[in-house]
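*Asks:* need coordinates for the following:
(2 chains)
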Amino acid sequence: MAHVTAATAPSWFQDKILLGMSLRQYLRSLLTPLNGLAFAICAVGLPLIVYRFAAGLGATTNLSQTQPWGLWIGFDMMTGIALAAGGFTIGATVELFGLDEYHPIERPAILTGFLGYVLAVLGLICDLGRPWNMVQVMVRNGTASVLFEVAWCVMCYTSVLALEFAVPFFEWLGWKKAHGALKKALLALTVLSVMFSTMHQSALGSLYIIAPGKIHPLWYSPWIFVFFFITAIIAGISMVIFEGAISHITFHKLFQGHHVDFDKLSIGLAKAGALVTFAYFFLRLQGVADAHAWGEIKGFYGAWWLVEMLGFVLLPSLLYAYGARNRSVKAVRLAATLGVAGVVLNRLNISLVAYNWNQAQRYLPSWMEIWVSLTLVTLGVLSFRWIVNRMPVLRPMAGSGH
Amino acid sequence: MKMSRRGFLRVAGFTGSMGLVGLPRRALGAAAVPGEDENSVLVDTTLCLGCRGCEAACAEANHLPDPPDDEKVFQGRRQTGPQVFTVVNRSPVAPKAGGERFAKTQCMHCVEPACASACPVRALDKKPGGPVAYDPSRCMGCRYCMVACPFGIPKYEYASRVPRVRKCTFCAERQAQGQTPACVSVCPSGALTMGKRGELLAEARRRVYGNPDKYVQHVYGEHEAGGTNWLYISDVPFEQLGLSPSVGDQSYPTLVKGALGVPPFVMTLWPPLLMGLYAFSHRRKEAGESGEPDAGETHR
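*Replies:* Numbering: from 1, shown residues only, chains lettered A, B, ... in the order given. Have a look, this model is predicted:
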C-alpha cells in the first residue's frame, strides 16, 4: 500500500530534495561536465583544508613574518564580503526606498550575500591560527581595535542575512507561521542590514589605516573607510547585474512562465551604478590630492594604479552611463563585469600588491592557498544552484498563491 | 531619473561630505612626558661592545634556543624571530670617532602600542609598568598585530599547529619580582640602563645635547610612534642601526580614532534616517497608487 502511494505521489524528500525525480534519475542528472569539474576541485580542496589544520599555516601557505595576511584574507575575506554587498544594497532599494520593481532580484541578492558571508567566515577560520579562540571576541572588550568592530558586525550581519534568507526557506518548507512572522520583520532586518554593512564594509578598509608605512601612498588614505563603503555599493550593484545575467542564462528554465524584464532592471541599476562609480572616481583622486601623492604616479605602482583607476573605475562608470542612456544592456553588462573585476582588483591591490610594496621579499600565494579559495568559491556556486533549484528565490513558489 | 551633471555633483558632494563626519582628530596634548613613570631602557649605542651577552641572557630567560656562537652573524642584518626575541646588529658605517657600532633590536614597548590597540581580544595588552605582554590563551591568531606594528616586531609560529605570537616580553615576570630584564642585567658595558621613562629621557638628553660633537642630536623613541619605552642614542645615523625614521611621530592607536568614531553615529543615525526614508517612499507610493497591479508583488 505504502509502495503504491509512493509511486503515485512523490514523497516529501523526493519532491523537495530530488526535484521530483527518483534517486536514480536524480543521481544521473548530476553527471554533467561542470559537476565533474566542481567535484574535482572539491575532492582536492576539502582534504587541503583538513591538511591545513593538521600541518599548520606554514606548511600550506606562503605567509611570512613580513606578510601576515595573504590570499585568504585579501580574497576570501576582503573581496568576498565586498561582493556580497548586493544583499543590503538591493534590500534597501526595495524595502526602504520603495522601488518595488526591483523586488524579483532581492532574494537572489540576499542569498548571494548570505553565501558570501558564510564562505568568507569559512576562509577566515582557515586563516586564523587559533580559530577556537574566536569566541574571545565576545568576552574581551578590544574596543580600540578596528578588527573588533569588523568581527562583531560580521557576526551580527551574517545572522541578519540568515534571518532574511529564512523568508524563502520557510516558504519552501511550507512553515506559514514562521514565514509570515519573518516577512513582517523584513523591514527591521533591512534597516539592521544597512546599519551593519555601513559599519563593517567601511571598517574592512579602516583595518589598514594603522599601517601607513606598509601600503603604497597611492592606495593608503586615512579616508580608506569611505572608499571601502562606496566600493561595496558599486560591488553590490555590479554583482546583481552580473549575476542576474548569468542566472538568466543558466537557470532559464526557472524563468519560464514568469517573466521579469531583467534587462529593464539592469538599465535602472546602471543609472545608480554610473553615479556612484563616477563619484568614487573623483573621491579617489581627492584621496591622492589629500596625501600629496601625485608624484607617486610613476613606475610600476603608478602604472598599476592607473590601470585600476582608468580601466576598472572610470571605464565602467562611463559604460554604465552610456548603457543607461542608450538602453544598451550589453554595455551595462560589460560595465557590471568590469565593476566586479574592479572591486576584486582594488581589494587585492590594497591587501596584497600595494601592501609591503617597499619590501624586497614579495608574497605570492601558494597553490594550496589558491586551491582552497577556489574550493570555497565552488562550494558557493554549488550551494547557490542547489538552493535556487528548490527554493523560491529566482521565482515564486509554484502554486503557493504568493 | 535622468542623469545630469547636477546629479553627478550631488552624489559627489554627498559622498564627500560623509567622509568629513569621521575627520581624524589630533589627540589632545597629553602629559609632558607620556609614560614617564613606566619602566624603560636607554640604549647608548656608543657604549655597546657587540658582545651579544644580551642575546644569550634573553634566550636563557625565555627558554629559547641558544644564539649562534659565531662572529659571522654580523655580516648581514638579522631580524628577530619566533625563537629569537633580540638580536644585535652591526652598523655598516663606522662613526667619526672610529671603531664599530652595534645596536640591539627587540620590541620597543611603545607607550601607546599599535599591536595592543589592534588586538580584538586584548591578547596583547599594555601593562601598567610598561611591558606589552601577550596571553596566548586569548589569542585567536588573526595576526593583525603584525600588520599594525610599525617596527615589524611580533613574529608568528607558522610551523606550529597551535601557533603563538612571539616577541620580547620585557621580562615582565622578572620585573614583577623587582629584577631588571635579563638583557639589562648582563650588559657589561653600561650600554643598557634601566629606569623610569621620564628620568631616562632626561639622562638621554643630557648625554646627547651635552656632547653635540659626538651624538646625533636625537633621542630615538622619544617621539617615534608616539613614544616608546626603549630609547636609543647614537653617534651614527639611526637608519644604520635599523631604526627607521619612517615610523613617524604619531601615536598609532590615534590613527584609527576617527574611523572608530563612525559606528556610534551610524548606530544612532541610520535607523531613524532609514525608517524616515521608508515612511517617505511608502507615503509617496500610497499617494501615487493607480490601481495598476504591482509587478513585484507577485514575488512577495
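
*Asks:* B:D235 contacts B:G98, correct?
*Replies:* No - if you go by C-beta atoms under 8 Å, B:D235 and B:G98 don't touch, sitting 10.6 Å apart. Bear in mind the C-beta positions are built from the backbone N, C-alpha and C, glycine included.

*Asks:* now whichever residue of the stretch 101-250 of chain B sits closest to chain A: closest residue in space that isn't a chain neighbour?
*Replies:* As assessed by C-beta to the nearest C-beta, chain A sits closest to B:G141 within the stretch 101-250 of chain B, at 2.3 Å. Take B:G141 and drop its neighbours on the chain: the residue closest to it by C-beta to C-beta, 6 or more residues apart in numbering or on different chains is A:G129, 2.3 Å away.

*Asks:* re the thing from before, of B:D235 and B:G98, which one has the most company?
*Replies:* When B:D235 and B:G98 are compared for neighbours, B:D235 comes out ahead with 20 against 6, by other C-beta atoms under 10 Å in any protein chain shown.

*Asks:* give me the phi and psi angles of the more buried one.
*Replies:* Main-chain dihedrals, B:D235, degrees, to the nearest 10: phi -110, psi 10.

*Asks:* and the residue nearest to B:G141, that's in a strand?
*Replies:* No - judged by DSSP: H, G, I helix; E, B strand; the rest coil, A:G129 forms no part of a strand; its state is coil.

*Asks:* now do the buried residues in stretch B:190-199.
*Replies:* B:191-198 (16 or more other C-beta atoms under 10 Å in any protein chain shown).

*Asks:* quick one: average pLDDT of that stretch?
*Replies:* Mean per-residue pLDDT for stretch B:190-199: 96.

*Asks:* tell me the pLDDT at the spatially most central residue of chain B?
*Replies:* Geometric centre of chain B, nearest residue: B:A114, 3.1 Å, by C-alpha atoms, centre = their mean. With respect to pLDDT, B:A114 scores 97.

*Asks:* doesn't A:I210 make contact with it?
*Replies:* Yes - if you go by C-beta under 8 Å, B:A114 and A:I210 touch, sitting 5.7 Å apart.

*Asks:* hey, what's in contact with both of these two?
*Replies:* Common neighbours of B:A114 and A:I210, counting by C-beta atoms under 8 Å, 6 or more residues apart in numbering or on different chains, are B:148, B:252-253.

*Asks:* so which of those residues sit within strands?
*Replies:* The strands, defined by DSSP state E, take in nothing from those.

*Asks:* intersect those with the contacts of chain A.
*Replies:* Contacts with chain A within the shared contacts of B:A114 and A:I210, counted by C-beta under 8 Å from any C-beta of the partner chain: B:148, B:252-253.

*Asks:* and the residue of the stretch 101-250 of chain A nearest chain B?
*Replies:* Counting by C-beta to the nearest C-beta, the stretch 101-250 of chain A gets nearest chain B through A:G129, at 2.3 Å.

*Asks:* got a list of what that residue touches?
*Replies:* Counting by C-beta under 8 Å, 6+ apart, A:G129 touches A:57, B:139-143, B:156-157, B:163.

*Asks:* so, low pLDDT: which residues of chain B?
*Replies:* Confidence mapping of chain B against pLDDT under 70 gives the ranges B:1-31, B:289-300.

*Asks:* now the helices for it?
*Replies:* B:5-21, B:53-61, B:114-118, B:144-148, B:172-176, B:182-186, B:197-210, B:252-255, B:257-260, B:262-287 (DSSP state H).

*Asks:* count of residues packed around the nearest residue in space to A:G80 that is not next to it in sequence?
*Replies:* Nearest residue to A:G80, sequence neighbours excluded (C-beta to C-beta, 6+ apart): A:A120, at 3.9 Å. Neighbours of A:A120 under the rule other C-beta under 10 Å: 26.

*Asks:* so how far is B:L201 from B:P128?
*Replies:* From B:P128 over to B:L201 the distance is 19 Å, taken as C-beta to C-beta, to the nearest Å.

*Asks:* do B:T254 as well
*Replies:* In terms of C-beta to C-beta, B:T254 sits 21 Å off from B:L201.

*Asks:* between the two, which one's more packed in?
*Replies:* B:L201 (21 against 16).

*Asks:* identify the residues contacting the more buried one.
*Replies:* B:L201 touches B:33, B:36, B:219, B:222, B:231, counting by C-beta under 8 Å, 6+ apart.

*Asks:* neighbour-wise, which of these leads?
*Replies:* Most neighbours among these, by other C-beta under 10 Å: B:L231, with 24 neighbours.

*Asks:* thought that residue was touching B:S40?
*Replies:* Yes - between B:L231 and B:S40 a contact is recorded at 6.3 Å, counting by C-beta under 8 Å.

*Asks:* what is in contact with those two at once?
*Replies:* Common contacts of B:L231 and B:S40 (C-beta under 8 Å, 6+ apart): B:197, B:200.
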